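>>> Please find the sequence and the predicted model below.
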Amino acid sequence: MNDIKRTAFDSELLCAISNLVCVLDNGCLSYINPAGVNMLGADDESAVLGHDLSEFIHADYADLIALGLDAFAEEEASVPLKLRPLNAMPIDVMMRVRALGDAGTNNAYMVECLDISNYIRASEEARKREQRLANVLGAVRDAIITIDQKGIVQSINAAGERIFGYPRTHILGQNIKMLMPSHHADHHDGYLDRYIKTGESELVNASMELEGQHANGAVFPIELTVTEMMEGSQRLFTGVIRDITERKRALDKIHHLAHHDALTNLPNRNLYMERVERAISRSKRSNKPLALMFVDLDRFKPINDELGHEAGDVVLKTVAERMLSCVRQSDTVARFGGDEFVAILENLDHADSAAVVAKKVLSKLSESIDVPSGQSAAVSATVGASIGISVFPEDGATLDELARAADNAMYAVKDEGRNNFKFHKDLEDTAG
């Protein structure tokens with residue numbers, strides 16, 4: 001096929017694809033296919049070309065997109081997020097990013113977005129279609145193992161040998177349980193017997209995430225799809241097994257990035273909110289006080305402005321480490337962004353225990369920090385902190401109420417000269 005015919009063929013393919021496919025140069029759309037124009041709610045491509053991709057990403061995912069496209073181009077797995085079309089409701093999609101050219105040599109990327117709105121509304125049907133597709137397309141890289149109704153392995157492909165670490169001769173004629181950790185193996189024969197007798201099974205003709213066991217003893221996550229067939233009078237079961245270790249790792253990484261501050265690795269605002277809600281529930285059950293401690297750094301801006309952002313980053317990371325050293329492992333320290341931090345102090349003996357933590361934080365943060373100055377030698381920087389504390393349930397029954405109370409107490413400390421702490425109840429005593 002000559003170049004002209006190939007270009008025309010490629011163009012027709014992109015026009016026929018139902019997914020959004022676009023090319024980004026320095027973050028801006030330089031090409032988008034017709035399906036993409038439609039998905040973004042535009043009348044034609046001119047309404048979106050030249051715009052930054054982030055303009056079409058829902059605000060809930062702004063922090064994730066701010067990581068840069070390189071973070072996604074390195075991952076094989078697609079990333080779930082929401083698009084924000086023009087004058088239309090948000091769309092749930094799975095986004096995949098590929099760098100165009102050698103990594104790091106340009107800023108061009110191809111982005112493909114699959115609309116999964118229907119999948120979310122009808123996940124069960126979508127999962128069955130994925131299973132059938134995996135049976136066909138995944139045969140080469142996935143393990144395919146056939147067993148009889150007693151669980152004895154009848155056949156295994158080369159991928160199965162590789163995934164489980166056994167040669168074919170060690171598996172054929174053995175019970176499939178040898179490829180499972182004990183907590184699955186102990187129940188396997190019972191599952192088969194029940195299905196043979198009743199026809200009831202959660203696994204046959206469905207997909208499930210389980211665990212496999214390698215020849216070296218290592219347990220790893222797998223996705224298993226089982227189908228039944230008759231070979232003459234013999235009933236056989238064929239399992240397509242995919243090692244999903246990398247998928248799990250990639251999802252864990254994306255999940256971590258979405259819930260943690262990139263600089264300090266502390267929980268971010270989203271994860272903080274989840275943990276406060278759980279902490280409130282635990283406090284209700286245990287009748288133990290819960291405290292929120294809002295920490296706003298004093299004298300941080302001059303460090304950032306005069307010594308540079310690198311010095312500011314060193315200070316923020318050091319503050320994070322020092323705050324963690326002041327709390328228990330069961331407590332949470334989170335960063336809201338900028339120079340704002342918060343600590344969730346659970347299972348306190350009494351509310352005043354939070355004052356002990358606040359004093360530790362003030363003492364730790366008063367210690368000097370060596371930071372780069374742009375010169376050959378580092379210089380010492382010092383920050384302080386204004387700390388406001390609210391207590392559940394005295395200062396509020398909800399996250400919002402507790403946050404407002406701690407915030408008010410923190411600003412009262414600032415008004416009174418900074419570098420101190422105050423409980424919200426002290427504001428009420430003063431007002432009284």
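Yep, that arrived. Numbering: from 1, shown residues only.
>>> how is this protein carved up into domains?
Following automatic domain parsing, one finds the domains of the chain at 3-119, 127-246, 260-431.
>>> Dump those to a markdown table, plus mean neighbour count.
Heads up, the C-betas are built off the backbone N, CA and C, glycines and all. Putting the domains of the chain into a markdown table (neighbours: other Cβ atoms under 10 Å) gives the following:
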| stretch | mean neighbour count |
| --- | --- |
| domain 3-119 | 15 |
| domain 127-246 | 15 |
| domain 260-431 | 18 |
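>>> quick one, what contacts His58?
By Cβ atoms under 8 Å, 6 or more residues apart in numbering, the contact set of His58 is Leu81, Lys82, Leu83, Arg84, Pro90.
>>> again, 10 Å this time
Ile65, Leu81, Lys82, Leu83, Arg84, Pro90, Ile91, Asp92 (Cβ atoms under 10 Å, 6 or more residues apart in numbering).
>>> now swap in Glu401 and tell me
Ser390, Phe392, Pro393, Asp395.
>>> mind exporting the one helix or strand it maps to as PDB, just the C-alpha atoms?
Taking DSSP states H and E as the criterion, Glu401 maps to helix 399-415. What follows is helix 399-415, C-alpha atoms only, in PDB (Å, rounded to 0.1, in the frame of the first residue of the first chain):
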ATOM      1  CA  LEU A 399     -17.100  17.300  59.000                       C
ATOM      2  CA  ASP A 400     -18.100  20.800  57.800                       C
ATOM      3  CA  GLU A 401     -19.000  22.000  61.300                       C
ATOM      4  CA  LEU A 402     -15.700  20.700  62.800                       C
ATOM      5  CA  ALA A 403     -13.700  22.200  59.900                       C
ATOM      6  CA  ARG A 404     -15.300  25.600  60.400                       C
ATOM      7  CA  ALA A 405     -14.700  25.500  64.100                       C
ATOM      8  CA  ALA A 406     -11.000  24.600  63.700                       C
ATOM      9  CA  ASP A 407     -10.600  27.200  61.000                       C
ATOM     10  CA  ASN A 408     -12.100  29.900  63.200                       C
ATOM     11  CA  ALA A 409      -9.800  29.000  66.100                       C
ATOM     12  CA  MET A 410      -6.800  29.100  63.800                       C
ATOM     13  CA  TYR A 411      -7.600  32.600  62.600                       C
ATOM     14  CA  ALA A 412      -8.100  33.700  66.200                       C
ATOM     15  CA  VAL A 413      -4.500  32.600  66.900                       C
ATOM     16  CA  LYS A 414      -3.300  34.600  63.900                       C
ATOM     17  CA  ASP A 415      -5.100  37.700  65.100                       C
END
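>>> Lys253: which of the domains of the chain is closest?
Nearest to Lys253 among the domains of the chain is domain 3-119; the distance by Cβ to Cβ comes to 7.4 Å.
>>> ok, back up a step: mind putting the domains of the chain into CSV with distance to Asp252 and mean pLDDT?
Formatted as CSV, those follow (distance: least, Cβ to Cβ, whole Å; pLDDT from 0 to 100):
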stretch, distance to Asp252, mean pLDDT
domain 3-119, 10, 82
domain 127-246, 11, 82
domain 260-431, 12, 89
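>>> okay if I get these as a markdown table plus distance to Ile254?
Output for these, formatted as a markdown table (distance: least, Cβ to Cβ, whole Å):
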| stretch | distance to Ile254 |
| --- | --- |
| domain 3-119 | 6 |
| domain 127-246 | 12 |
| domain 260-431 | 11 |
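>>> C-terminal to the longest strand belonging to the chain, what's the next element?
Among the segments of the chain that qualify as a strand by DSSP state E, the longest is strand 219-231. Proceeding N to C from strand 219-231, the next assigned helix or strand is strand 234-243, under DSSP H and E.
>>> what angle do that next one and strand 219-231 make?
Interaxial angle, strand 234-243 versus strand 219-231 (axes from the mean of the first three to the mean of the last three Cα atoms, to 10 degrees): 150 degrees.
>>> Check the offset of the host helix or strand of Gly212 from the chain's centre.
Secondary structure assignment for Gly212, by DSSP H and E: strand 207-213. Remark: strand 207-213 is offset 21 Å from the chain centroid, using Cα atoms, centre = their mean, to the nearest Å.
>>> and it, what does it pack onto?
helix 123-137, helix 158-164, helix 182-198, strand 219-231, strand 234-243 (3 or more Cβ pairs under 10 Å, 6 or more residues apart in numbering; DSSP states H and E).
>>> Next up, the contacts around the spatially closest residue to Ile280 that is not a sequence neighbour.
Spatial nearest neighbour of Ile280, excluding adjacent residues (Cβ to Cβ, 6 or more residues apart in numbering): Phe392 at 6.0 Å. Contacts for Phe392 (Cβ under 10 Å, 6+ apart) come out as 276, 279-280, 283-284, 288-292, 346, 348, 351, 398-399, 401-402, 405.
>>> Next, the angle from the strand holding Gly212 to helix 182-198.
130 degrees.
>>> secondary structure class for Ala377?
Secondary structure, DSSP: H, G, I helix; E, B strand; the rest coil: Ala377 is coil.
>>> show me what contacts it?
With Cβ under 10 Å, 6+ apart, Ala377 has these contacts: Asp370.
>>> Would you quantify the distance from it to Ala320?
24 Å (Cβ to Cβ, to the nearest Å).
>>> Check Arg249 too.
From Arg249 over to Ala320 the distance is 25 Å, taken as Cβ to Cβ.
>>> returning to that earlier point: now, which of the contacts of His58 lie within strands?
Leu81, Lys82, Leu83, Ile91, Asp92.
>>> Could you work out the most separated pair of those residues?
Within the ones in strands among the contacts of His58, Leu81 and Ile91 form the most distant pair, 9.7 Å apart (Cβ to Cβ).
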